[in-house]
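Participant: Let's see this in three dimensions:
(chains A and B)
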There are 2 protein chains.
Amino acid sequence: MLSKSQIQYLKSLQQKKFREKYSAFVVEGPKLVSEVLKSDFSVSGVFAIPQWIEKNFRLIGTVKTVEVAPRELERISGLKTPNNVIAVVQIPDSNPPKEMSFDNFLLAVDGIKDPGNLGSIIRTAEWFGFKTLICSNDSVEVYNPKVVQSTMGSLFRVKVYYTDLPKYLEELEHDYSVFGAFLDGENIYKQSFAKRGILVIGSESHGIRPAVARKIKNRLHIPAIAGSGESLNASVATAICCSEIKRSFLKNI
Amino acid sequence: MLSKSQIQYLKSLQQKKFREKYSAFVVEGPKLVSEVLKSDFSVSGVFAIPQWIEKNFRLIGTVKTVEVAPRELERISGLKTPNNVIAVVQIPDSNPPKEMSFDNFLLAVDGIKDPGNLGSIIRTAEWFGFKTLICSNDSVEVYNPKVVQSTMGSLFRVKVYYTDLPKYLEELEHDYSVFGAFLDGENIYKQSFAKRGILVIGSESHGIRPAVARKIKNRLHIPAIAGSGESLNASVATAICCSEIKRSFLKNI
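Facilitator: Residues are numbered from 1 along each chain as shown, chains lettered A, B, ... in the order given. Below you'll find the predicted structure:
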């Protein structure tokens, strides 16, 4: 049985200001909760129906667990259809580490606002082995429940950092080739990629903004082969770029 | 000034059953409305603030136009922030034509449910020159306002049809190579594509279902090069497949 203050706390984590205050976020549903429990993230509590707890006691280990009735779950869930379990997870440090012991190719986004887009970008990043995502400070918060759910668990395996993007690119440009996806530029299908690089994707409405664009030496363009249209969705553009970068490595092996 | 019955009619078009009853749907905002006015779609009415009408009188031509106050627009809009103009557009015939005078490569979706995904798929289709999209009957309705808005206008240039997909693929298989995106299959990066084909994309939750899968001779797979993760978002998978199909044509030219 949940106390009033527990209910209030859990509900408050649907809002950014409380996530910041408590440095915690929520993860919902059996699939995502089991993935976060297996990850490096620190889970501070699990709230679940008895059947779920019974099935997952090994996975839960020593994590503090509270049994809740389906009705109580409805009160604390952010989903339309609550799904057996909610976990409260600590927000990790969001500053990119000073030491560059990164993987070889990084991904960065400039001002992405749509939660579904950011979620899809993180899912795509994992698929293509991009282990680090750098977000401009004004990008949508990755611990927003909509982002969390739409990553399908990839969030727990891709490191996501927030920073002053133009400044960050400036620090990086000695060691990394900086690429960006634009509506004009070099045909991405004919591009070769260095092993150590960073790919910048712009926002849904503004693309890559001038302050960031000035730091990008390699302008890439996805040509509309035999097609037309004004632009691609940001997560779609990311996917095609990631696919081409990894394919270019295959060619070079 | 809008009459009560006009307000009721416009608001009702937010719901599928009324769109079906009146065979009409709504398009909102200056960008989309100007694109639908330039398209082959039949616009039966425009409801706009005076400034928009003044600027766009050439585009409007003989279309029935009603001047509305910003406050009235708020009452009839489906958007959080109403945006100057709403058009009512006739729903075209949704049955695929019997005569196959299609473009060479068709796109098909099996049970896509997420409006944002369908919108993004249509936008991607236009970019890569796929002019026809065939949807299984249970896919989300393309005239759902969320789909309409997320196509960014591509909906007015890509033909979208609904049909019994397994039956349709059976009729097509003599003339077209049928491809599908699966979690296993041939590496898409090494594939050659016939000029005349159809690419099937599965739904977010079920992939391509058995009844459809049985009609697919060529199983494609997007390999997670140096990466991992369980699957890709349906619109992301579509984008990578479309990109690869068109790139393969470039190689063959």
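Participant: For the helix or strand containing A:V148, what is the distance to the chain centroid?
Facilitator: Taking DSSP states H and E as the definition, A:V148 sits inside helix A:145-150. Distance, stretch centre to chain centre, for helix A:145-150: 9 Å (Cα atoms, centre = their mean, to the nearest Å).
Participant: helices and strands around the longest helix that chain A contains, which ones?
Facilitator: If each helix of chain A is counted by residues according to DSSP state H, the longest one is helix A:234-252. Here helix A:234-252 touches strand A:105-109, helix A:115-127, strand A:177-182, strand A:197-201, helix B:115-127, helix B:234-252, going by 3 or more Cβ pairs under 8 Å, 6 or more residues apart in numbering or on different chains; DSSP states H and E. Placement of C-beta: from N, CA and C, glycine included.
Participant: Could I get those in TSV, plus columns for mean pLDDT and distance to A:P223?
Facilitator: Supplementary listing: those in TSV, determined by pLDDT from 0 to 100; distance: least, Cβ to Cβ, whole Å:
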stretch	mean pLDDT	distance to A:P223
strand A:105-109	94	21
helix A:115-127	95	20
strand A:177-182	95	12
strand A:197-201	95	17
helix B:115-127	95	9
helix B:234-252	89	9
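Participant: just to revisit the earlier point, using CSV, write out every CA atom in the helix holding A:V148.
Facilitator: Presented in CSV, the C-alpha positions along helix A:145-150 are these (Å, rounded to 0.1, in the frame of the first residue of the first chain):
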residue,chain,number,x,y,z
PRO,A,145,8.8,10.0,-19.8
LYS,A,146,7.9,10.2,-23.5
VAL,A,147,11.5,10.1,-24.5
VAL,A,148,12.3,7.3,-22.0
GLN,A,149,9.4,5.1,-23.3
SER,A,150,10.2,5.7,-27.0
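Participant: Let me see the mean pLDDT of it.
Facilitator: Mean per-residue pLDDT for helix A:145-150: 95.
Participant: And that helix, what's buried?
Facilitator: Neighbour-count burial for helix A:145-150, with 16 or more other Cβ atoms under 10 Å in any protein chain shown as criterion, is recorded at A:P145, A:V147, A:V148, A:Q149, A:S150.
Participant: and the nearest residue to A:E244 once chain neighbours are set aside, how many residues sit next to it?
Facilitator: Leaving aside its sequence neighbours, A:E244 sits nearest to A:I188 (Cβ to Cβ, 6 or more residues apart in numbering or on different chains; 5.1 Å). By the measure other Cβ atoms under 10 Å in any protein chain shown, the count of residues near A:I188 is 22.
Participant: Among the helices and strands packed on helix A:234-252, which comes closest to A:A24?
Facilitator: helix A:115-127 (18.1 Å; Cβ to Cβ).
Participant: what's the angle between that closest one and helix A:234-252?
Facilitator: When axes from the mean of the first three to the mean of the last three Cα atoms, to 10 degrees is applied, the directions of helix A:115-127 and helix A:234-252 differ by 10 degrees.
Participant: Summarise which helices and strands helix A:115-127 is packed against.
Facilitator: Here helix A:115-127 touches strand A:105-109, strand A:132-136, helix A:145-150, helix A:234-252, helix B:234-252, going by 3+ Cβ pairs under 8 Å, 6+ apart.
Participant: returning to that earlier point: can you identify the element that follows the helix holding A:V148 toward the C-terminus?
Facilitator: Next along from helix A:145-150, by DSSP H and E: strand A:159-163.
Participant: Flag every buried residue along that next one.
Facilitator: A:K159, A:V160, A:Y161, A:Y162, A:T163.
Participant: with the buried residues of helix A:145-150 in mind, which one is nearest to chain B?
Facilitator: A:S150 (7.9 Å; Cβ to the nearest Cβ).
Participant: how about the residues of the stretch 1-150 of chain A that lie near chain B?
Facilitator: A:G116, A:S120, A:R123, A:T124, A:A125, A:E126, A:W127, A:F128, A:G129, A:F130, A:S150 (Cβ under 8 Å from any Cβ of the partner chain).
Participant: Oops, could you answer that again for the stretch 151-253 of chain A instead?
Facilitator: Within the stretch 151-253 of chain A, the positions near chain B by Cβ under 8 Å from any Cβ are A:152-154, A:157, A:189, A:222, A:224-233, A:235-236, A:239-240, A:243-244, A:246-247, A:249-250.
Participant: tell me the most buried of the helices and strands packed on helix A:115-127?
Facilitator: For those, the largest average neighbour count (mean count of other Cβ atoms under 10 Å in any protein chain shown) is found in strand A:105-109, namely a mean of 26.
Participant: Within its sheet, name the partner strands of it and how each one runs.
Facilitator: strand A:132-136 (parallel), strand A:197-201 (parallel) (DSSP bridges).
Participant: Columns distance to B:Y22 on top of those, output as a markdown table?
Facilitator: As requested, those are exported to a markdown table (distance: least, Cβ to Cβ, whole Å):
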| stretch | distance to B:Y22 |
| --- | --- |
| strand A:132-136 | 44 |
| strand A:197-201 | 40 |
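Participant: Against A:E28, how distant is the nearest residue to A:P50 once chain neighbours are set aside?
Facilitator: Leaving out its chain neighbours, the residue that sits closest to A:P50 by Cβ to Cβ, 6+ apart is A:E67, at 5.4 Å. Distance from A:E67 to A:E28, counting by Cβ to Cβ, to the nearest Å: 17 Å.
Participant: The two: which is more packed in?
Facilitator: Using other Cβ under 10 Å as the criterion, A:E67 and A:E28 rank with A:E28 on top: 22 against 15.
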